[in-house]
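Student: Kindly return the folded structure for what I paste below:
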Amino acid sequence: MTGYRGRFAPSPTGPLHFGSLVAAVGSYLDARCQGGEWLLRMEDVDTPRNVPGAADDILRTLEAFGFEWDGPVLWQSQRLDAYAAALEHLRQAGLAYPCVCSRKEITDSAMRPAVDGGPAYPGICRAGLPSGRAARAWRLRVTDEETAFVDRLQGRQAQCLESDVGDFVLRRADGLFAYQLAVVVDDTWQGVTDIVRGADLLASTPRQIWLQRCLGYPQLRYAHLPVAANAAGEKLSKQTRAPALDSNRAAAELLRALRFLGQPAPAELASSRPAEVWTWARQHWDFAALPRQGSIALANQADNGR
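Tutor: Here you go, the predicted structure:
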C-alpha cells in the first residue's frame, strides 16, 4: 500500500455525540494534513443494536459539520459474503473452530478476566465439541506469543492473547459476524493504511493485528486518541446518555473538539462557519500536541454536548 488512507466508522446505534466528534476530527485532520484520503464506513453489521433512522442522521450531521469523505459510504450489512469468505479461509486453515459455550459456561470456567472486561475464554472447545451439542459460535485460535505494536500516540502496546483474551469470537451465537472480523476484512478491502480512533478500542488492536496475520493482510498503523469522559469518569456514549451533537452549533462544537485534542484554536472561530474552522485546522494541525492519555474528563455533563 502507498499513500495514506484513513477512515471513520460509526455504528448507527444513535446520534453522534461529542466523543464521536473528537474521533472524527482527529482521523479527518490526520488524513487531510498528510494529503491522504478519508473514507466513511457505516458499521451496521450488529443489526439488533441499530436504531432506525440513525444512519441517515449521522450522515446529515457529518455533512452539517463540514466533513467531506472520499468515495461512497461502505455499509457493512452489504458485506456479509466477504466476512463469510474470510471465516471459511480461517476454517480451512485450521485457525477457526466451532464453540458451544454459553456466556455462563465461560464465566464459570474462566481462570482470569480479559483485558477489556468479562472472562478470558478458557479454551473449552479447542479440542472439539462436547458430545451431543451443536456449535453456537466460531472462534479464532490464538497463541501465547506476544502481539505487540507501537501506537503513534500511546506508545508500545503488547498483549499475550491466550492469557489476556483467549480464543475470540468471529461469528456469534446469533449468527452475526463479530466486530473484530468485519472491521479487519473491511479495512484491508478498502485499502486503509492508518486508523485514528478512540483509546477505548486500544485493547482490541492486538486481536485485529493477530487476525490480519492469520488472513495474510498487511498490518496497519494506529493512533488512539483520548476518549472524552463525563464528570463521573465514564466514556461519553449512548449508554451514558451523552447529548447528541447540535448541527446549529457546528463551528462551536468543532472548536471544542480541536481544543480537546490540544489544538489552540482561537475563540473567535466559535461564531464562524464550519468551513472557516476547517481552514484554520488544516493550516495549524499539530499531531505532536495531541494528548497522550487514554481519557480526559470534561468539566461537567452540561458541557458535553452544549
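Student: show me where the stretch 201-306 of the chain has helices.
Tutor: 205-215, 250-260, 274-284 (DSSP state H, counting those that start in this stretch).
Student: how far out from the middle of the chain is the first one?
Tutor: Think helix 205-215. How far helix 205-215 lies from its chain's middle: 14 Å, per Cα atoms, centre = their mean, to the nearest Å.
Student: pull the CA atoms of that helix into CSV?
Tutor: The C-alpha trace of helix 205-215 is given here as CSV (Å, rounded to 0.1, in the frame of the first residue of the first chain):
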residue,chain,number,x,y,z
THR,A,205,-6.0,-3.7,18.4
PRO,A,206,-3.8,-6.8,19.2
ARG,A,207,-6.7,-9.0,18.2
GLN,A,208,-7.1,-7.2,15.0
ILE,A,209,-3.4,-7.4,14.3
TRP,A,210,-3.4,-11.2,15.0
LEU,A,211,-6.4,-11.6,12.7
GLN,A,212,-4.6,-9.6,10.0
ARG,A,213,-1.6,-12.0,10.3
CYS,A,214,-3.9,-15.1,10.1
LEU,A,215,-5.6,-13.8,6.9
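Student: With distance to D56 as added columns, please give the helices of the stretch 201-306 of the chain in a markdown table.
Tutor: Every residue, glycine included, has its C-beta placed from N, CA and C. Shown next, in a markdown table, are the helices of the stretch 201-306 of the chain (distance: least, Cβ to Cβ, whole Å):
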| stretch | distance to D56 |
| --- | --- |
| helix 205-215 | 28 |
| helix 250-260 | 17 |
| helix 274-284 | 20 |
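Student: Redo these as TSV? Include mean pLDDT, mean neighbour count and distance to G191.
Tutor: Output for the helices of the stretch 201-306 of the chain, formatted as TSV (pLDDT from 0 to 100; neighbours: other Cβ atoms under 10 Å; distance: least, Cβ to Cβ, whole Å):
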stretch	mean pLDDT	mean neighbour count	distance to G191
helix 205-215	98	20	14
helix 250-260	97	21	27
helix 274-284	97	16	23
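Student: S11: which of the ones you listed is closest?
Tutor: For the helices of the stretch 201-306 of the chain, proximity to S11 was assessed by Cβ to Cβ; helix 205-215 is nearest, at 16.3 Å.
Student: by contact count, what packs against the closest one?
Tutor: In this structure, helix 205-215 makes packing contacts with helix 80-92, strand 137-140, strand 146-151, strand 155-160, helix 161-164, helix 179-189, judged by 3 or more Cβ pairs under 8 Å, 6 or more residues apart in numbering; DSSP states H and E.
Student: which parts of the first one are buried?
Tutor: Going back to what we said before, that points to helix 80-92. A82, Y83, A86, L87, L90 (16 or more other Cβ atoms under 10 Å).
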